[in-house]
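*Asks:* generate a structure from the sequence data that follows.
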Amino acid sequence: MSSKNGDEKISGHQLKSGVAAWLGWMFDGLDMHLYTLVALPFVAELMGLTPDSGEVREKAGFIQGAFLVGWALGGGLFGLVGDRLGRTRALMLTILTYALFTGLSFFAQTWWQLMACRFLAALGIGGEWAVGASLISETWPSRWRPWLAALLQTGVNVGVLFATLAGHLLKDQPYRYIFLVGVIPAFLVLWIRKEVPEPEAWEKAKSLEKPTIIDLFRGKLLFTTLVTLVVCALSLSGHWAFMFWSLQQVRQLQTHAMEQMEEPPPMVEIKAKGSERTNEGLGILMVSSIVGNFAAGAMARFMGYRWAILLLCALYGCTVFTAYGTVRDAVDMLWWFIPLGICQGVFGLFTMYLPPLFPTLLRTTGSGFCYNIGRLAAAGATIALVFLPVADMRHALFWAGCPLLAAALVGLMLPEHGQEA
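*Replies:* Here you go, the predicted structure:
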(Lines give C-alpha, C1' and ligand atoms only; values in the text may rest on other atoms or scores of the structure.)
Protein backbone atom coordinates (compact mmCIF):
# COMPACT_ATOMS: atom_id res chain seq x y z
CA MET A 1 0.00 0.00 0.00
CA SER A 2 1.48 3.34 -0.96
CA SER A 3 2.25 6.07 1.49
CA LYS A 4 -0.42 8.30 0.04
CA ASN A 5 -2.94 6.08 1.80
CA GLY A 6 -1.58 7.32 5.08
CA ASP A 7 -4.36 9.92 5.39
CA GLU A 8 -7.21 7.55 4.55
CA LYS A 9 -9.81 6.70 7.14
CA ILE A 10 -9.95 3.13 8.40
CA SER A 11 -12.70 1.23 6.58
CA GLY A 12 -14.85 -1.65 7.79
CA HIS A 13 -12.91 -3.97 5.49
CA GLN A 14 -9.63 -2.93 7.09
CA LEU A 15 -11.03 -3.38 10.60
CA LYS A 16 -12.30 -6.88 9.82
CA SER A 17 -8.98 -7.85 8.24
CA GLY A 18 -7.14 -6.50 11.27
CA VAL A 19 -9.40 -8.35 13.70
CA ALA A 20 -9.06 -11.59 11.72
CA ALA A 21 -5.26 -11.36 11.66
CA TRP A 22 -5.09 -10.43 15.36
CA LEU A 23 -7.37 -13.29 16.40
CA GLY A 24 -5.41 -15.68 14.22
CA TRP A 25 -2.20 -14.60 15.92
CA MET A 26 -3.84 -14.82 19.35
CA PHE A 27 -4.86 -18.42 18.76
CA ASP A 28 -1.37 -19.02 17.36
CA GLY A 29 -0.02 -18.07 20.77
CA LEU A 30 -2.59 -20.25 22.54
CA ASP A 31 -1.85 -23.42 20.60
CA MET A 32 1.87 -22.67 20.43
CA HIS A 33 2.44 -22.77 24.19
CA LEU A 34 0.01 -25.39 25.46
CA TYR A 35 2.75 -28.00 25.10
CA THR A 36 5.33 -25.79 26.83
CA LEU A 37 3.19 -25.83 29.99
CA VAL A 38 3.23 -29.63 30.32
CA ALA A 39 6.25 -30.68 28.24
CA LEU A 40 8.43 -32.57 30.72
CA PRO A 41 5.72 -34.14 32.91
CA PHE A 42 3.54 -35.23 29.97
CA VAL A 43 6.44 -36.69 28.00
CA ALA A 44 7.57 -38.44 31.20
CA GLU A 45 4.06 -39.87 31.59
CA LEU A 46 4.06 -41.15 28.00
CA MET A 47 7.48 -42.76 28.50
CA GLY A 48 6.81 -44.13 31.98
CA LEU A 49 9.78 -42.21 33.43
CA THR A 50 10.32 -39.28 35.81
CA PRO A 51 10.47 -35.66 34.54
CA ASP A 52 14.10 -35.38 35.73
CA SER A 53 15.20 -38.18 33.39
CA GLY A 54 17.74 -37.21 30.77
CA GLU A 55 15.83 -39.29 28.22
CA VAL A 56 12.67 -37.31 28.94
CA ARG A 57 14.52 -34.01 28.45
CA GLU A 58 15.91 -35.34 25.18
CA LYS A 59 12.52 -36.41 23.79
CA ALA A 60 10.82 -33.22 24.99
CA GLY A 61 13.50 -31.26 23.13
CA PHE A 62 12.97 -33.35 19.99
CA ILE A 63 9.23 -32.65 20.13
CA GLN A 64 9.82 -28.91 20.45
CA GLY A 65 12.40 -29.08 17.68
CA ALA A 66 9.91 -30.86 15.41
CA PHE A 67 7.37 -28.16 16.23
CA LEU A 68 9.78 -25.43 15.14
CA VAL A 69 10.64 -27.32 11.94
CA GLY A 70 6.93 -27.63 11.17
CA TRP A 71 6.51 -23.93 11.94
CA ALA A 72 9.21 -23.09 9.41
CA LEU A 73 7.86 -25.38 6.70
CA GLY A 74 4.32 -24.18 7.31
CA GLY A 75 5.34 -20.61 6.61
CA GLY A 76 6.59 -21.59 3.16
CA LEU A 77 3.74 -23.99 2.40
CA PHE A 78 0.90 -21.66 3.35
CA GLY A 79 2.73 -18.67 1.89
CA LEU A 80 2.42 -20.47 -1.45
CA VAL A 81 -1.23 -21.29 -0.71
CA GLY A 82 -1.88 -17.65 0.17
CA ASP A 83 -0.42 -16.47 -3.14
CA ARG A 84 -2.46 -18.99 -5.12
CA LEU A 85 -5.81 -19.22 -3.29
CA GLY A 86 -5.93 -15.88 -1.48
CA ARG A 87 -5.05 -14.50 1.94
CA THR A 88 -8.43 -15.10 3.59
CA ARG A 89 -8.77 -18.68 2.34
CA ALA A 90 -5.23 -19.49 3.43
CA LEU A 91 -5.88 -17.93 6.84
CA MET A 92 -8.84 -20.24 7.35
CA LEU A 93 -6.78 -23.28 6.35
CA THR A 94 -3.94 -22.40 8.74
CA ILE A 95 -6.32 -22.00 11.68
CA LEU A 96 -8.11 -25.28 10.96
CA THR A 97 -4.75 -27.06 10.68
CA TYR A 98 -3.35 -25.99 14.03
CA ALA A 99 -6.68 -26.38 15.83
CA LEU A 100 -7.19 -29.93 14.55
CA PHE A 101 -3.75 -31.28 15.33
CA THR A 102 -3.44 -29.55 18.69
CA GLY A 103 -6.70 -31.23 19.67
CA LEU A 104 -5.46 -34.59 18.39
CA SER A 105 -2.47 -34.32 20.73
CA PHE A 106 -4.93 -35.29 23.49
CA PHE A 107 -5.00 -38.83 22.08
CA ALA A 108 -1.22 -39.34 21.91
CA GLN A 109 -0.07 -42.58 23.54
CA THR A 110 3.66 -42.32 22.77
CA TRP A 111 6.15 -39.46 22.62
CA TRP A 112 6.55 -39.83 18.86
CA GLN A 113 2.78 -39.59 18.30
CA LEU A 114 2.83 -36.35 20.28
CA MET A 115 5.77 -35.17 18.16
CA ALA A 116 3.84 -35.90 14.95
CA CYS A 117 0.81 -33.94 16.17
CA ARG A 118 2.95 -30.99 17.24
CA PHE A 119 4.75 -30.97 13.88
CA LEU A 120 1.47 -30.93 11.93
CA ALA A 121 -0.08 -28.29 14.19
CA ALA A 122 3.01 -26.14 13.66
CA LEU A 123 2.46 -26.15 9.89
CA GLY A 124 -0.69 -24.10 10.50
CA ILE A 125 0.87 -21.87 13.16
CA GLY A 126 3.84 -21.02 10.95
CA GLY A 127 1.59 -20.43 7.96
CA GLU A 128 -0.63 -18.04 9.88
CA TRP A 129 2.30 -15.67 10.52
CA ALA A 130 3.01 -15.14 6.82
CA VAL A 131 -0.63 -15.01 5.73
CA GLY A 132 -1.73 -12.69 8.54
CA ALA A 133 1.15 -10.29 7.91
CA SER A 134 0.33 -10.16 4.19
CA LEU A 135 -3.36 -9.58 4.89
CA ILE A 136 -2.53 -6.59 7.09
CA SER A 137 0.13 -5.11 4.79
CA GLU A 138 -2.26 -5.20 1.84
CA THR A 139 -5.18 -3.55 3.61
CA TRP A 140 -3.83 -1.03 6.16
CA PRO A 141 -2.09 2.37 5.67
CA SER A 142 1.71 2.41 6.08
CA ARG A 143 1.64 5.03 8.84
CA TRP A 144 0.03 2.48 11.16
CA ARG A 145 2.79 -0.12 10.72
CA PRO A 146 4.83 0.34 13.93
CA TRP A 147 1.69 0.10 16.06
CA LEU A 148 0.25 -2.72 13.97
CA ALA A 149 3.48 -4.62 14.57
CA ALA A 150 2.96 -4.14 18.31
CA LEU A 151 -0.72 -5.08 18.16
CA LEU A 152 -0.16 -8.23 16.13
CA GLN A 153 2.61 -9.44 18.41
CA THR A 154 0.39 -8.62 21.39
CA GLY A 155 -2.16 -11.00 19.91
CA VAL A 156 0.38 -13.81 20.35
CA ASN A 157 1.08 -12.70 23.92
CA VAL A 158 -2.63 -12.62 24.79
CA GLY A 159 -2.99 -16.11 23.33
CA VAL A 160 -0.16 -17.36 25.53
CA LEU A 161 -1.86 -15.74 28.55
CA PHE A 162 -5.00 -17.69 27.69
CA ALA A 163 -2.86 -20.82 27.53
CA THR A 164 -1.53 -19.95 30.98
CA LEU A 165 -5.09 -19.49 32.25
CA ALA A 166 -6.04 -22.86 30.79
CA GLY A 167 -3.02 -24.40 32.51
CA HIS A 168 -4.13 -22.92 35.82
CA LEU A 169 -7.74 -24.09 35.45
CA LEU A 170 -6.64 -27.60 34.43
CA LYS A 171 -3.69 -27.98 36.80
CA ASP A 172 -5.43 -30.77 38.74
CA GLN A 173 -6.45 -32.63 35.57
CA PRO A 174 -4.39 -35.12 33.56
CA TYR A 175 -1.76 -33.31 31.53
CA ARG A 176 -3.26 -34.30 28.16
CA TYR A 177 -6.47 -32.35 28.81
CA ILE A 178 -4.68 -29.07 28.09
CA PHE A 179 -4.61 -29.88 24.37
CA LEU A 180 -8.39 -29.91 24.06
CA VAL A 181 -8.31 -26.14 24.60
CA GLY A 182 -6.51 -25.88 21.25
CA VAL A 183 -9.65 -26.87 19.34
CA ILE A 184 -11.38 -23.55 20.16
CA PRO A 185 -9.78 -21.55 17.27
CA ALA A 186 -11.60 -23.70 14.70
CA PHE A 187 -14.78 -21.74 15.39
CA LEU A 188 -13.07 -18.52 14.25
CA VAL A 189 -13.06 -19.85 10.70
CA LEU A 190 -16.85 -19.54 10.48
CA TRP A 191 -16.65 -15.78 11.09
CA ILE A 192 -13.71 -15.23 8.76
CA ARG A 193 -15.46 -17.05 5.91
CA LYS A 194 -18.53 -14.83 6.27
CA GLU A 195 -17.03 -11.42 7.11
CA VAL A 196 -13.50 -11.07 5.71
CA PRO A 197 -13.08 -10.59 1.93
CA GLU A 198 -9.86 -11.05 -0.01
CA PRO A 199 -7.63 -7.91 -0.19
CA GLU A 200 -8.14 -5.80 -3.30
CA ALA A 201 -4.38 -5.86 -3.96
CA TRP A 202 -4.38 -9.65 -4.20
CA GLU A 203 -7.48 -9.70 -6.40
CA LYS A 204 -5.74 -7.37 -8.86
CA ALA A 205 -2.41 -9.20 -8.83
CA LYS A 206 -3.54 -12.84 -8.75
CA SER A 207 -3.46 -13.18 -12.54
CA LEU A 208 0.07 -11.77 -12.91
CA GLU A 209 3.14 -13.95 -13.34
CA LYS A 210 4.82 -14.33 -9.97
CA PRO A 211 8.58 -14.51 -9.37
CA THR A 212 10.01 -17.61 -7.70
CA ILE A 213 12.04 -18.10 -4.56
CA ILE A 214 15.18 -18.33 -6.73
CA ASP A 215 14.84 -14.61 -7.45
CA LEU A 216 15.66 -13.89 -3.80
CA PHE A 217 19.22 -15.04 -4.52
CA ARG A 218 19.87 -12.96 -7.63
CA GLY A 219 21.38 -9.53 -8.17
CA LYS A 220 21.25 -6.89 -5.45
CA LEU A 221 18.59 -8.82 -3.56
CA LEU A 222 21.04 -11.63 -2.71
CA PHE A 223 22.87 -9.64 -0.02
CA THR A 224 19.63 -8.45 1.62
CA THR A 225 18.26 -12.00 1.64
CA LEU A 226 21.38 -13.52 3.21
CA VAL A 227 21.82 -10.88 5.91
CA THR A 228 18.14 -10.93 6.82
CA LEU A 229 18.14 -14.71 6.97
CA VAL A 230 21.16 -14.80 9.30
CA VAL A 231 19.71 -12.14 11.65
CA CYS A 232 16.40 -14.02 11.87
CA ALA A 233 18.14 -17.35 12.44
CA LEU A 234 20.37 -16.03 15.22
CA SER A 235 17.73 -14.03 17.08
CA LEU A 236 15.09 -16.75 16.91
CA SER A 237 17.61 -19.42 17.99
CA GLY A 238 18.44 -17.59 21.21
CA HIS A 239 14.81 -16.65 21.81
CA TRP A 240 13.30 -20.11 21.42
CA ALA A 241 16.07 -21.86 23.33
CA PHE A 242 15.28 -19.48 26.19
CA MET A 243 11.48 -19.64 25.87
CA PHE A 244 11.25 -23.42 26.03
CA TRP A 245 13.95 -24.38 28.50
CA SER A 246 13.58 -21.43 30.89
CA LEU A 247 10.09 -22.61 31.85
CA GLN A 248 11.31 -26.17 32.32
CA GLN A 249 14.10 -24.88 34.57
CA VAL A 250 11.63 -22.93 36.72
CA ARG A 251 9.57 -26.09 37.16
CA GLN A 252 12.67 -28.06 38.13
CA LEU A 253 13.84 -25.37 40.57
CA GLN A 254 10.47 -25.39 42.31
CA THR A 255 10.23 -29.19 42.37
CA HIS A 256 13.76 -29.62 43.70
CA ALA A 257 13.20 -27.04 46.45
CA MET A 258 10.08 -28.83 47.69
CA GLU A 259 11.72 -32.25 47.52
CA GLN A 260 14.58 -30.97 49.73
CA MET A 261 12.24 -29.83 52.51
CA GLU A 262 12.57 -31.64 55.86
CA GLU A 263 9.07 -32.97 55.40
CA PRO A 264 8.38 -32.97 51.66
CA PRO A 265 4.70 -32.63 50.72
CA PRO A 266 2.92 -35.32 48.69
CA MET A 267 4.10 -35.73 45.11
CA VAL A 268 0.76 -34.55 43.74
CA GLU A 269 1.25 -31.26 45.59
CA ILE A 270 4.81 -30.94 44.33
CA LYS A 271 3.63 -31.46 40.75
CA ALA A 272 0.82 -28.93 41.14
CA LYS A 273 3.21 -26.32 42.54
CA GLY A 274 5.65 -26.94 39.70
CA SER A 275 2.86 -26.38 37.17
CA GLU A 276 1.80 -23.24 39.04
CA ARG A 277 5.30 -21.78 38.87
CA THR A 278 5.52 -22.58 35.14
CA ASN A 279 2.21 -20.84 34.53
CA GLU A 280 3.34 -17.83 36.56
CA GLY A 281 6.57 -17.62 34.58
CA LEU A 282 4.81 -17.75 31.24
CA GLY A 283 2.26 -15.19 32.39
CA ILE A 284 4.98 -12.78 33.53
CA LEU A 285 6.84 -13.19 30.25
CA MET A 286 3.72 -12.47 28.20
CA VAL A 287 2.58 -9.42 30.16
CA SER A 288 6.11 -8.04 29.97
CA SER A 289 6.23 -8.82 26.25
CA ILE A 290 3.06 -6.79 25.66
CA VAL A 291 4.79 -3.81 27.27
CA GLY A 292 7.85 -4.59 25.16
CA ASN A 293 5.82 -4.67 21.93
CA PHE A 294 4.69 -1.07 22.33
CA ALA A 295 8.10 0.03 23.60
CA ALA A 296 9.60 -1.52 20.45
CA GLY A 297 7.01 0.26 18.30
CA ALA A 298 7.90 3.59 19.92
CA MET A 299 11.60 2.90 19.37
CA ALA A 300 10.96 2.11 15.70
CA ARG A 301 9.12 5.41 15.30
CA PHE A 302 12.01 7.27 16.94
CA MET A 303 15.13 5.57 15.54
CA GLY A 304 13.86 3.36 12.71
CA TYR A 305 13.22 -0.39 12.56
CA ARG A 306 16.85 -1.35 11.98
CA TRP A 307 18.35 0.35 15.02
CA ALA A 308 15.45 -0.68 17.24
CA ILE A 309 15.99 -4.32 16.25
CA LEU A 310 19.75 -4.12 16.88
CA LEU A 311 19.38 -2.48 20.28
CA LEU A 312 16.70 -4.88 21.51
CA CYS A 313 18.63 -7.97 20.36
CA ALA A 314 21.70 -6.72 22.23
CA LEU A 315 19.69 -5.97 25.38
CA TYR A 316 17.99 -9.37 25.19
CA GLY A 317 21.33 -11.19 24.97
CA CYS A 318 22.93 -9.20 27.81
CA THR A 319 19.89 -9.78 30.03
CA VAL A 320 20.05 -13.54 29.41
CA PHE A 321 23.73 -13.54 30.44
CA THR A 322 22.96 -11.58 33.60
CA ALA A 323 19.90 -13.63 34.57
CA TYR A 324 21.61 -17.01 34.23
CA GLY A 325 25.10 -15.98 35.33
CA THR A 326 24.11 -16.45 38.99
CA VAL A 327 22.40 -19.25 40.92
CA ARG A 328 18.79 -18.24 41.67
CA ASP A 329 15.71 -19.90 43.10
CA ALA A 330 12.41 -20.14 41.24
CA VAL A 331 10.97 -16.91 42.67
CA ASP A 332 14.11 -14.88 41.89
CA MET A 333 14.09 -16.26 38.36
CA LEU A 334 10.54 -15.07 37.82
CA TRP A 335 11.57 -11.48 38.57
CA TRP A 336 14.13 -11.68 35.77
CA PHE A 337 11.40 -12.71 33.36
CA ILE A 338 10.14 -9.09 33.41
CA PRO A 339 13.12 -7.48 31.58
CA LEU A 340 13.52 -10.61 29.45
CA GLY A 341 9.90 -10.34 28.34
CA ILE A 342 10.22 -6.64 27.52
CA CYS A 343 13.18 -7.37 25.24
CA GLN A 344 11.01 -9.82 23.28
CA GLY A 345 9.18 -6.86 21.76
CA VAL A 346 11.85 -7.02 19.07
CA PHE A 347 10.01 -9.83 17.29
CA GLY A 348 6.96 -7.69 16.65
CA LEU A 349 9.16 -5.37 14.58
CA PHE A 350 10.12 -8.09 12.10
CA THR A 351 6.49 -8.30 10.97
CA MET A 352 6.52 -4.83 9.42
CA TYR A 353 10.27 -4.43 8.78
CA LEU A 354 10.82 -7.53 6.63
CA PRO A 355 8.19 -7.23 3.84
CA PRO A 356 9.34 -3.81 2.48
CA LEU A 357 12.89 -5.16 2.10
CA PHE A 358 11.66 -7.12 -0.92
CA PRO A 359 9.95 -6.11 -4.19
CA THR A 360 6.15 -6.18 -4.20
CA LEU A 361 5.67 -9.61 -5.78
CA LEU A 362 8.34 -11.18 -3.57
CA ARG A 363 7.31 -9.69 -0.23
CA THR A 364 5.40 -12.63 1.20
CA THR A 365 7.91 -15.10 -0.18
CA GLY A 366 10.97 -13.12 0.94
CA SER A 367 9.86 -12.22 4.45
CA GLY A 368 8.28 -15.62 5.04
CA PHE A 369 11.33 -17.50 3.75
CA CYS A 370 13.88 -15.56 5.79
CA TYR A 371 11.88 -15.61 9.01
CA ASN A 372 10.93 -19.27 8.71
CA ILE A 373 14.43 -20.46 7.90
CA GLY A 374 15.29 -18.70 11.17
CA ARG A 375 12.85 -21.03 12.90
CA LEU A 376 14.70 -24.04 11.48
CA ALA A 377 17.84 -22.73 13.14
CA ALA A 378 15.83 -22.20 16.33
CA ALA A 379 14.79 -25.86 16.27
CA GLY A 380 18.43 -26.89 16.20
CA ALA A 381 19.31 -24.53 19.04
CA THR A 382 16.45 -25.79 21.21
CA ILE A 383 17.60 -29.39 20.77
CA ALA A 384 21.29 -28.49 21.12
CA LEU A 385 20.77 -27.19 24.67
CA VAL A 386 19.84 -30.75 25.72
CA PHE A 387 23.27 -32.04 24.72
CA LEU A 388 25.46 -29.31 26.19
CA PRO A 389 27.88 -30.95 28.69
CA VAL A 390 26.52 -29.07 31.71
CA ALA A 391 25.15 -30.36 35.01
CA ASP A 392 22.71 -27.47 35.52
CA MET A 393 20.18 -26.24 32.97
CA ARG A 394 21.11 -22.70 34.08
CA HIS A 395 24.52 -23.06 32.45
CA ALA A 396 22.95 -24.13 29.15
CA LEU A 397 20.47 -21.23 29.23
CA PHE A 398 23.35 -18.82 29.84
CA TRP A 399 24.71 -19.59 26.36
CA ALA A 400 21.37 -18.75 24.74
CA GLY A 401 22.46 -15.11 24.97
CA CYS A 402 25.25 -15.64 22.40
CA PRO A 403 23.11 -15.86 19.25
CA LEU A 404 21.11 -12.82 20.36
CA LEU A 405 24.26 -10.70 20.62
CA ALA A 406 25.49 -12.13 17.32
CA ALA A 407 22.19 -11.09 15.70
CA ALA A 408 22.78 -7.51 16.84
CA LEU A 409 26.27 -7.52 15.29
CA VAL A 410 25.23 -9.05 11.96
CA GLY A 411 22.23 -6.72 11.92
CA LEU A 412 24.59 -3.78 11.40
CA MET A 413 24.61 -4.89 7.76
CA LEU A 414 20.82 -4.77 7.41
CA PRO A 415 19.50 -2.08 5.04
CA GLU A 416 18.07 1.01 6.70
CA HIS A 417 15.19 1.25 4.23
CA GLY A 418 13.40 -1.30 2.07
CA GLN A 419 11.55 -1.15 -1.21
CA GLU A 420 8.78 1.35 -1.73
CA ALA A 421 5.71 0.26 0.21
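*Asks:* list the buried residues of the top helix by length along the chain.
*Replies:* When the chain is parsed with DSSP state H, its longest helix is helix 221-259. By 16 or more other C-beta atoms under 10 Å, the buried positions in helix 221-259 come out as 221, 224-225, 227-255, 257-258. For glycine as for every other residue, the C-beta is placed from the backbone atoms N, C-alpha and C.
*Asks:* let me know the average pLDDT across it.
*Replies:* Summarised as a single mean, pLDDT over helix 221-259 is 89.
*Asks:* in the helix or strand just after it, which residues are buried?
*Replies:* Scanning forward in sequence from helix 221-259 by DSSP states H and E, the next helix or strand is helix 267-303. By neighbour count on 16+ other C-beta under 10 Å, the buried set for helix 267-303 is 270-271, 273-275, 277-297, 299-300.
*Asks:* what about the helices in the stretch 1-150 of the chain?
*Replies:* Applying DSSP state H, counting those that start in this stretch to the stretch 1-150 of the chain gives helices spanning 12-47, 54-85, 87-104, 111-137, 145-169.
*Asks:* out of the ones you listed, flag the one nearest Gly345.
*Replies:* Evaluated over the helices of the stretch 1-150 of the chain, closeness to Gly345 peaks at helix 145-169, with 7.1 Å, by C-beta to C-beta.
*Asks:* which SSE is the residue lying closest to Leu229 once chain neighbours are set aside in?
*Replies:* Spatially, and ignoring its direct neighbours in sequence, Leu229 is nearest to Cys370 (4.6 Å; C-beta to C-beta, 6 or more residues apart in numbering). Using DSSP H and E, Cys370 sits within helix 363-387.
*Asks:* so that helix versus helix 111-137, what angle?
*Replies:* Angle, helix 363-387 to helix 111-137, by axes from the mean of the first three to the mean of the last three C-alpha atoms, to 10 degrees: 150 degrees.
*Asks:* which of the residues in the very next helix or strand once past helix 363-387 are buried?
*Replies:* Where DSSP H and E defines the elements, the next helix or strand beyond helix 363-387 is helix 393-398. For helix 393-398, the buried set under the neighbour-count rule, 16+ other C-beta under 10 Å, comprises 393-394, 396-398.
*Asks:* check contacts around the residue lying closest to Leu376 once chain neighbours are set aside.
*Replies:* Computed as C-beta to C-beta, 6+ apart, the closest residue to Leu376 that is not its neighbour in sequence is Ala72, at 4.5 Å. Counting by C-beta atoms under 8 Å, 6 or more residues apart in numbering, Ala72 touches 126, 372-376, 379.
*Asks:* of those residues, which is the most crowded?
*Replies:* Highest neighbour count within those: Gly126, with 32 neighbours (other C-beta atoms under 10 Å).
*Asks:* any idea how far that one lies from Phe119?
*Replies:* Plainly put, Gly126 is 11 Å away from Phe119 if you go by C-beta to C-beta, to the nearest Å.
*Asks:* overlap of the contact sets of the two?
*Replies:* Looking at what touches both Gly126 and Phe119 (by C-beta under 8 Å, 6+ apart), the common residues are Gly70.
*Asks:* how far away is Ser53 from Pro41?
*Replies:* 11 Å.
*Asks:* higher neighbour count, those two?
*Replies:* Neighbours per residue (other C-beta under 10 Å) separate Ser53 from Pro41, with Pro41 holding more: 21 against 16.
*Asks:* chain center to stretch 31-48: distance?
*Replies:* On the basis of C-alpha atoms, centre = their mean, to the nearest Å, stretch 31-48 sits 18 Å off its chain's mean C-alpha point.
*Asks:* good, we can wrap up now.
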